[in-house]
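[1] any chance you can model this:
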Amino acid sequence: MTKEDFHKQHTRPAVVDLQQDPPIPEKIGPYKIEALLNKGSMSWLYMGLDTEKKTPVAIKVLPAHLIDNPETLDRFLQESQLTALTNHPHIVKLYQEGKWEGGVYIAMEWVHGVSLRQFITQQSFSLKRSLEIILQICEALKHLHDHHIIHKDLKPENVLITEEGVIKVIDFGIAQMVHNTPLLISSKIVGTPNYMSPEQKKDPSHVSYSSDIYSLGVLAYELLLGKLSHGVIQTSLLPKNLRHIIEKTLAISVQNRYAKMEDLIHDVSSYLHSEAFEQEKPQEDRSTELLEQLQKLSLQLSPVEAPSYPYADIGIAKLKSPHSLGLYYDLFPLPDGKYLFIIIDPLEQHIEALFQATALRSSIHTLLSQQPPSSPLSFVQQIQKHLPQESSIALSYLYLEPAQNTLRFFNAGLSQLLYIPAGQESRILYHAHPLFSCVSSVEWTDTQETWNVGDTLIYHNFISEEKDPSEKKQAMEQALKKLAQKELLLSAQSQAEAFIKDLSRFPALHSDKNHVLISIQRTA
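    From the prediction side, this is the model:
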């Protein structure tokens, strides 16, 4: 996963520049390969696609030229074997391993998230949220230790956090078994020194569960302070009643350190629910906790994952601003095999916008449950009646009718639709409607186009009529059309990811709002 441009906060990993890399194989095992994510000295990481389930898969490959190295091959296969022993919501899942003409591979769960390191360097959590994250990591380590596995390389880069706030521990490349003959024991120092316990640095072949606890202590310290330690730890900076817990995880002597994850989990949980926690919580945490709760509510407004529809392959990717609230998008299957997509974008993404979006979401779901709209425009007029007085929003819809091979598109103050008919040049669909409000007397119109098998639609909110000058709109249109040529053969999810990655670098892009991009590829 690349780390560049993380301040834009992709909610999913971005692909690397492949200009200097060899061609991407069409398939590895049963998986279609879509992109190379990372090329290290010992392994390559690809984004793959399970073509039956239409879901992304992370595929780690040991190149053919390294298979003849017994130690390298054993270590690679060990990662697969150890991952296969686990089954926990906070540990990445193994799907399959195998050989192919280019080497050997491991297919794993694709985690829609970013590394904890990137979060630590870009934003701070509240004390409460930090402790909740630490407890999730503790539960993952407890599961490993219960299965006699020592991770040996726990660090922020090897902990992913999803958009929903779920933690996933990854990378078992140097992990090993205990209480049995280890799959591989090496005396070489392999790992990350700043997170290694003293005994691991001294003799990597004699680590214990407490070695993982030491690494967790360093990670927890960084998470609590909101910055990387670079090997320098001052526990005096921590809240007094939490300090002794972290100091015990970081004890130089194994005998003075926590021996079992259960004990650490108990102490952290007890502190989190104690009076001491409330007394030691920083004053600014009250507003930080409120923002975290509002962000969670904002996230729950819209679907996180793309739905599975019989007529189309759909991918959703987002570009998040840490302090923006209120963007609402939704996807609705309607009777008679029709589909309605909606994006509602407030002019200012703040707490009032979140409350307004929440109310609109409730109204829209209620209206659709009572009676399907006779037409998308009539439905828009119903929504208009539910807008608060003197309020304006940007709104667009995309209405798909597979049986009639047609689509209808409408926008009021929101960005265009990129329409890519199969075998033809892409076009921008757009209306010069004003912002959407309850008092508007505008006669709304929408655009109808054919929608055939092989057509692709890129539906997004990257341009706001209220803020964006015509120069930016033209530049964005050109960028979208160029990307359409470059990424056309990818699956919908990979295509959405690629568009988001490239658009995040757009010079005039607003960084103070959330963006969503939905790729819709007609398949039947």
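[2] show me where pLDDT drops low in the protein?
    1-23, 179-191, 322, 440, 464-469, 507-511 (pLDDT under 70).
[3] what's the domain layout of it?
    6-109, 113-282, 302-522 (automatic domain parsing).
[4] tabulate the ones you listed (CSV), appending mean neighbour count and distance to Gln295.
    For the C-beta atoms, the positions are set from N, CA and C on the backbone; glycine is no exception. Converted to CSV, the domains of the chain look like this (neighbours: other C-beta atoms under 10 Å; distance: least, C-beta to C-beta, whole Å):
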stretch, mean neighbour count, distance to Gln295
domain 6-109, 17, 11
domain 113-282, 18, 9
domain 302-522, 18, 7
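[5] pull up the distance across stretch 88-106, start to finish.
    Start-to-end span of stretch 88-106 (C-alpha to C-alpha, to the nearest Å) is 18 Å.
[6] can you tell me the SS state at the residue of the chain positioned farthest from its centre?
    In terms of distance from the mean C-alpha position of the chain, Ser441 ranks first, at 40.6 Å (C-alpha atoms, centre = their mean). Judged by DSSP: H, G, I helix; E, B strand; the rest coil, the three-state class of Ser441 is coil.
[7] hang on, the earlier thing: Lys296: which of the domains of the chain is closest?
    Lys296 lies closest, by C-beta to C-beta, to one member of the domains of the chain: domain 113-282, at 7.2 Å.
[8] end-to-end on the closest one?
    Taking C-alpha to C-alpha, domain 113-282 runs 28 Å from one end to the other.
[9] quote the end-to-end distance of stretch 406-421.
    End-to-end distance for stretch 406-421, by C-alpha to C-alpha: 12 Å.
[10] who touches Tyr459 in this structure?
    Tyr459 makes contacts with 341, 343, 396, 398, 417-418, 517-520, as judged by C-beta atoms under 8 Å, 6 or more residues apart in numbering.
[11] which one of these is nearest to Val232?
    Nearest member of those to Val232, counting by C-beta to C-beta, is Leu517, at 40.9 Å.
[12] phi and psi next, for the closest residue to that closest one other than its chain neighbours.
    Nearest residue to Leu517 in three dimensions, chain neighbours excluded: His460, at 4.2 Å (C-beta to C-beta, 6 or more residues apart in numbering). The phi/psi pair for His460 (degrees, to the nearest 10) reads phi -160, psi 180.
[13] which residues touch the helix or strand harbouring Leu367?
    Element membership for Leu367 (DSSP states H and E) is helix 351-370. Applying C-beta under 8 Å, 6+ apart, the contact partners of helix 351-370 are 294, 297-298, 301, 325-328, 330, 332, 334, 340, 342, 344, 346-347, 373, 379, 382-383, 386-388, 391, 393.
[14] can you check stretch 162-174 too?
    Residues external to stretch 162-174 that are found in contact with it (C-beta under 8 Å, 6+ apart): 11, 75-76, 78-79, 82-83, 89-92, 109, 111-113, 116, 133, 136-137, 140-141, 144, 149, 151-154, 157-161, 190-191, 296, 299, 304, 318, 320.
[15] go with 6 Å
    Outside stretch 162-174, the residues within contact range by C-beta atoms under 6 Å, 6 or more residues apart in numbering are 11, 79, 82-83, 90-92, 111-113, 136-137, 140, 152-153, 158-161, 190, 304.
[16] what's the answer for stretch 315-331, then?
    8-9, 11, 123, 294, 298, 301-302, 306-307, 341-346, 349, 353-354, 357, 361, 492-493, 495-497, 500, 504, 512-519.
[17] and Asp267, helix, strand or coil?
    Applying three-state DSSP: Asp267 is helix.
[18] that one and Glu132, how far apart?
    Asp267 sits 15 Å away from Glu132, going by C-beta to C-beta, to the nearest Å.
[19] beta partners for Lys168?
    Beta-bridge partners for Lys168, by DSSP bridges, are Leu160.
[20] so who does Lys481 touch?
    Ser426.
[21] just confirm Tyr339 is within a helix.
    No: Tyr339: not assigned to a helix; according to three-state DSSP it is strand.
[22] what about it, distance to Leu407?
    Counting by C-beta to C-beta, the gap from Tyr339 to Leu407 is 9 Å.
[23] joint contacts of the two?
    Joint contacts of Tyr339 and Leu407 (C-beta under 6 Å, 6+ apart) are Leu400.
[24] who's in contact with the closest residue to Leu228 other than its chain neighbours?
    Distance criterion C-beta to C-beta, 6+ apart; nearest residue to Leu228, sequence neighbours excluded, is Glu222 at 5.5 Å. Counting by C-beta under 6 Å, 6+ apart, Glu222 touches 120, 228-229.
[25] switch the cut-off to 10 Å
    Contacts for Glu222 (C-beta atoms under 10 Å, 6 or more residues apart in numbering) come out as 116-117, 120-121, 130, 155-156, 194-195, 228-230, 233.
[26] quick one: the residue lying closest to Met261 once chain neighbours are set aside from Phe277, how far?
    Closest residue to Met261 apart from its sequence neighbours, by C-beta to C-beta, 6+ apart: Lys142 at 3.8 Å. For Lys142, the distance to Phe277 equals 22 Å [C-beta to C-beta].
[27] returning to what we had before: among the contacts of stretch 315-331, which lie within helices?
    294, 298, 301, 353-354, 357, 361, 492-493, 495-497, 500 (DSSP state H).
[28] wait, which of the residues you listed is closest to Lys281?
    Among those, and counting by C-beta to C-beta, the member closest to Lys281 is Leu294, at 18.1 Å.
[29] what sits against that closest one?
    Applying C-beta under 10 Å, 6+ apart, the residues near Leu294 are 323, 325-326, 350-351, 354-355.
[30] mind listing the helices in the stretch 151-300 of the chain by residue range?
    Using DSSP state H, counting those that start in this stretch, the helices assigned to the stretch 151-300 of the chain run over residues 198-202, 209-225, 240-249, 261-272, 275-280, 285-301.
[31] wait, which of the ones you listed is closest to Gln255?
    For those, the distance to Gln255 is smallest for helix 209-225, at 9.0 Å, taking C-beta to C-beta.
[32] and Met47, what does it touch?
    Met47 neighbours (C-beta under 10 Å, 6+ apart): 12-15, 24, 31-37, 56-59, 110, 490-491, 493-494, 497-498.
[33] picking up where we left off before, I'd like the contacts of Leu294 laid out as CSV, including distance to Ile174.
    Listed next are the contacts of Leu294 as CSV, based on distance: C-beta to C-beta, whole Å:
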residue, distance to Ile174
His323, 38
Leu325, 41
Gly326, 44
His350, 46
Ile351, 45
Leu354, 44
Phe355, 49
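[34] can I assume Ile106 sits in a strand?
    Yes: the assignment for Ile106 by three-state DSSP puts it in a strand.
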